[in-house]
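A.B. asks: sequence below, structure please.
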Amino acid sequence: MPETASSRLRDAWKRLKDRLGHSRPKSLHQGYLAIAFLLGAMIVFSALFTAYEVNDVHRETNRHGLLRQQTEGLLQQLRDHLWQTNFHLFNYLLSPNAVTREQIRHQISLARNVASDLDRMAGEHVPESGPAPATTPRPTLAARIDALQRRLDSLIQLRNQPTELYPALGIIEDQLGPEFLEVVASLQAMIDQEEDPEVRRQLRLAWDHWHRMISSFRLYLLRQTGLYERSPEGLEAALHDVLMLFQSTREILGRLREQRDDPVLRGMLEHALDRMARWFSAFRRIRSLQQNNVWRTDFDVLVTHVQPLYQEIWQDIDRIEQAMKSSADSDVARWSSLATSLYQNIAILSILSIGLVMFGYFHFRQTILRPIGQLTRAMYAIARGDEEIERLPEPATMETRQLTEAFRHMRQQIQIRQEALRYQSLHDALTSLPNRTLLTDRLQQTLYHAQRESEEFCLMILDLDRFKEINDTLGHQAGDDVLREIAHRLALMLRRSDTVARLGGDEFAILLPSTGCAKAEEIATKIAETIEQPIRWHEQMLYVGTSIGIAAYPAHGHDVDTLLKRADVAMYVAKNNDLPYAVYNVRKDEHSISRLTLISELRKAIESGELELHYQPKIDIEARQAVGAEALLRWPKWRNLSTESLIQTCEQAGLIQPLTMWVLEEAMAQMQRWRGMGLEIPVAVNLSAWNLAHSDIDAFVAELIERHRLSPELLEVEITENSMMRNPERAVRLLRRLKSIGVKLAVDDFGTGFSSLAYLKQMPVDHIKIDKSFVMDMLRDENDAIIVRSIIDLAHNLGMKVIAEGVDSSDVLSLLEILRCDMAQGYFIARPMPPERFNRWLARQSQAMADGEARHALAFPVRRD
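C.D. replies: Residues are numbered from 1 along each chain as shown. Reported below is the predicted structural model:
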């Protein structure tokens, strides 16, 4: 049975060793777990051991600290009681009374209780090294205080018996006092009996010295007892005075004894000298007591018994404090020892951890770092585009095998995605045609080939006509479908060697290698015919056209940029002249360059505020009174450029939006300035076809009216008949939103297009402006007069007012009045003017109205302005 158990244990230990490291782990995961388990076990064991040691030391030091704190409190109480006992003892020795005696006994009793507590705690506070070896037992603190209490009781009893307290007191009372009085009586008797003045003077001098000696003796006693300042110098001075005065008194009486023969006087002098000798003998006995320190018997008790007990008690207190200090030092040493032990444990744990880390590093270097390094270098090689890469490592572990397989898969995916990205970067996402980048590259390659082989080739740039209307009307999906259909048609009709590219928007490019200009013109004609064929979209037939520009190498350029620019110039020539295609012509290029310059300067003019608004007055024909003005755009730098050309250029260059916002902002700012002058002048502003196509203009108008705090009816928006009829439904919606704001609406250039009366009836229009081409020829062409009259009648029947443009004579103005036209504007009334001149014109008009000459005033200011 024991052998079976032993064999089982050996088998279990072998399996454990195999699992821990004798067999190679199948994966890094298992190796990490083994190392982590070992390191964790070491850390947990160290933490538990450290926690146990720290808790043990913490518990013991806390107990010692509490004992020290309690002992310190008891020692402080003992000190207080001893100081109070000593204080009351000295007070009692100076002035005995029952209250002070009870205070002494009370304080010494309290000290006895505290000492007992200290003795008890001293037994608990045993040093860690164990009890001290057996020696002569030291009296306890309570025993010493008991002895002190007995000595104090005997001292108090001694202090209550003066004769025992002061041995010299009996000598003073029994000998010094009577002898002093006897000497005084003898001197006084001799003074009273003596008739000789000189003798009487000598006797009085002796009497005085004797009394002074007694005073010095009393001072000596006071100093000796401590009732007066007790110092060696003071005692010596008092003793000197006593001896000197005694000797002078004795000398005076001795001289008188020798000088007088009177037996009575001599007998009295002998008697006085004898008494003085007895007094001095008693005085010498008192001095002997003082010199032998037996002046007071309580002093001997204090010095030989009480004070040594006090010293022993204070020494015991010091020993207790020293023991507490040693205990505190022992606790600190124990913490220091614990810290050292912890440092050692940490050092051992750190060494083991470093060993494990180093082992793990060398192990992982072979299994992880080396394969990862090889994979990293392979990745950098792929990133550099190298064809040859380092041979991938043989998988040593499951993880490195998975990593290698993932790298191979990633490499395949990168190649696939690179091809896809390369295709996307070089092709248009919508039509899959080459984009500008690929076209430029192929154009450069074709240029190199043509230069080497001395061949020709042509470049076409196509721009679709009417595409914008389709995109804006039917939406972007319809526009995208049209672009895909056009791309498909172009790809089908060209050669494989040709390149069809989409440059952006509705602009395409075609590269025709080895093709002359004549052949390119034939191809352009076919392309135009193909594109113009209708496109079916959701049961609708869509019609688009194209404008093609052709540039040929080497006739029109020798580099890529030049050929692109000149093909673009030819395309604009074809578009402006309504041609299907145009070949680049250097004479027409100047016009295109100036147009580009115009667009650039126009953009700067809008940003820097170089444009101006001039205002042409509108008058009420019947009252001959100004009723408003039209804001007209002026560019001082390009005075010869018509407003129509300027607006068309802005629309083509994409500048119409900032230009319209600037015009509205400036017009309303001027209306606000006029209002500050007390003038409420309505101003009309023209909107282009682009503004109708972008329907957010109404929100901008509302925001400007609110910002400038203007009345909405002071602003009039004019829309040309042709721009309105491009998209009548959208125009009606926009005009209704503008009308809801409160602005006035007018149809400009009425009669020049083919307006639908159905749409005109639906539009919330306030005014109709008759085009100046009808008004200016009214007097010469009867048909124009009939058209003007018909427009006036039509507008009045629809509830609208009529404004006639182009009034250049008084006869035209008079005819318009006959035809019941409402308002008029033209050069006869006033030319467009800057705001300052407009203000002066208004002032002259107001003065003319005040003079009652309005009808004649209009003929004069115009010519002077």
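
A.B. asks: so what's the residue count around His58?
C.D. replies: The local packing of His58 (other CB atoms under 10 Å) involves 12 other residues. Heads up, the C-betas are built off the backbone N, CA and C, glycines and all.

A.B. asks: quick one, phi/psi of it?
C.D. replies: phi -60, psi -40 (degrees, to the nearest 10).

A.B. asks: next up, the contacts around it.
C.D. replies: For His58, the contact set (CB atoms under 8 Å, 6 or more residues apart in numbering) is empty.

A.B. asks: A strand includes Ile550, no?
C.D. replies: Yes. Checked against DSSP: H, G, I helix; E, B strand; the rest coil, Ile550 lies within a strand.

A.B. asks: is it correct that it is in contact with Met460?
C.D. replies: Yes. Contact criterion CB atoms under 8 Å: Ile550 and Met460 qualify, at 5.5 Å.

A.B. asks: shared neighbours of these two, anything?
C.D. replies: In terms of CB under 8 Å, 6+ apart, Ile550 and Met460 are both contacted by the residues 520, 524, 567, 581.

A.B. asks: list the buried ones in the helix or strand hosting the third one?
C.D. replies: Under the criterion of DSSP states H and E, Ala567 resides in helix 560-576. Buried positions in helix 560-576, judged by neighbour count with 16 or more other CB atoms under 10 Å: 560, 563-575.

A.B. asks: which one among those gets closest to His538?
C.D. replies: Lys575 (28.4 Å; CB to CB).

A.B. asks: now that closest one. Nearest residue, chain neighbours left out?
C.D. replies: Ser547 (3.8 Å; CB to CB, 6 or more residues apart in numbering).

A.B. asks: ok, the one you found touching Ile461?
C.D. replies: No. Assessed by CB under 8 Å, Ser547 is found out of contact with Ile461, at 9.0 Å.

A.B. asks: need the overlap of contacts for those two.
C.D. replies: Joint contacts of Ser547 and Ile461 (CB under 8 Å, 6+ apart) are Met571.

A.B. asks: which of these two has more neighbours?
C.D. replies: Ile461 (26 against 23).

A.B. asks: and the helix or strand harbouring the more buried one, how far out from the chain's middle?
C.D. replies: Assigned by DSSP H and E, Ile461 belongs to strand 457-465. On the basis of CA atoms, centre = their mean, to the nearest Å, strand 457-465 sits 57 Å off its chain's mean C-alpha point.

A.B. asks: so which bits of the next helix or strand after that strand are buried?
C.D. replies: Where DSSP H and E defines the elements, the next helix or strand beyond strand 457-465 is helix 467-474. Buried residues in helix 467-474, counted by 16+ other CB under 10 Å: 467, 470-472, 474.

A.B. asks: likewise for stretch 521-531?
C.D. replies: Buried residues in stretch 521-531, counted by 16+ other CB under 10 Å: 521, 523-524, 527-528, 531.

A.B. asks: which residues does the residue lying closest to Pro636 once chain neighbours are set aside bridge with?
C.D. replies: Of all residues not flanking Pro636 in the chain, Glu612 sits nearest, at 6.4 Å (CB to CB, 6+ apart). Bridge pairing for Glu612 (DSSP bridges) gives the partners Arg634.

A.B. asks: just to check, Glu612 is in contact with Leu632?
C.D. replies: No. Contact status for Glu612 versus Leu632: not in contact, 9.4 Å apart, counting by CB under 8 Å.

A.B. asks: between the two, which has more neighbouring residues?
C.D. replies: Using other CB under 10 Å as the criterion, Glu612 and Leu632 rank with Leu632 on top: 18 against 14.

A.B. asks: which residues touch the more buried one?
C.D. replies: By CB under 8 Å, 6+ apart, the contact set of Leu632 is 613-616, 643, 832.

A.B. asks: ramachandran coordinates for it?
C.D. replies: Dihedral angles (degrees, to the nearest 10) for Leu632: phi -120, psi 130.

A.B. asks: which residues of the stretch 501-650 of the chain fall in strands?
C.D. replies: 507-513, 535-537, 540-542, 545-553, 581-583, 612-620, 625-634 (DSSP state E, counting those that start in this stretch).

A.B. asks: who does the fifth one pair up with?
C.D. replies: Strand 581-583 has the following sheet partners, assigned by DSSP bridges: strand 545-553 (parallel).

A.B. asks: in the strand it pairs with, what counts as buried?
C.D. replies: For strand 545-553, by 16+ other CB under 10 Å, it's 546-553.

A.B. asks: repeat that for stretch 77-97.
C.D. replies: 77-78, 81-82, 84-86, 88-89, 92-93.

A.B. asks: any regions of the stretch 101-250 of the chain where pLDDT drops low?
C.D. replies: Within the stretch 101-250 of the chain, the segments meeting pLDDT under 70 span 123-138, 161-170, 224-230.

A.B. asks: what helix or strand is Leu82 located in?
C.D. replies: Element membership for Leu82 (DSSP H and E) is helix 28-94.

A.B. asks: who's in contact with the closest residue in space to Gln444 that isn't next to it in sequence?
C.D. replies: Distance criterion CB to CB, 6+ apart; nearest residue to Gln444, sequence neighbours excluded, is Val560 at 5.5 Å. Under the criterion of CB under 8 Å, 6+ apart, the neighbours of Val560 are 440, 443-444, 447.

A.B. asks: likewise for Asp316?
C.D. replies: 141, 144.

A.B. asks: how close does it sit to Ile104?
C.D. replies: 20 Å (CB to CB, to the nearest Å).

A.B. asks: please apply the same query to Ala795.
C.D. replies: Taken as CB to CB, the span from Ala795 to Ile104 is 133 Å.

A.B. asks: nearest spatial neighbour of Ala147, skipping sequence neighbours?
C.D. replies: Once flanking residues are discounted, Ala147 sits nearest to Leu309: 5.8 Å by CB to CB, 6+ apart.

A.B. asks: test my guess that that neighbour contacts Leu148.
C.D. replies: Yes. In terms of CB under 8 Å, Leu309 counts as a neighbour of Leu148; the distance is 4.4 Å.
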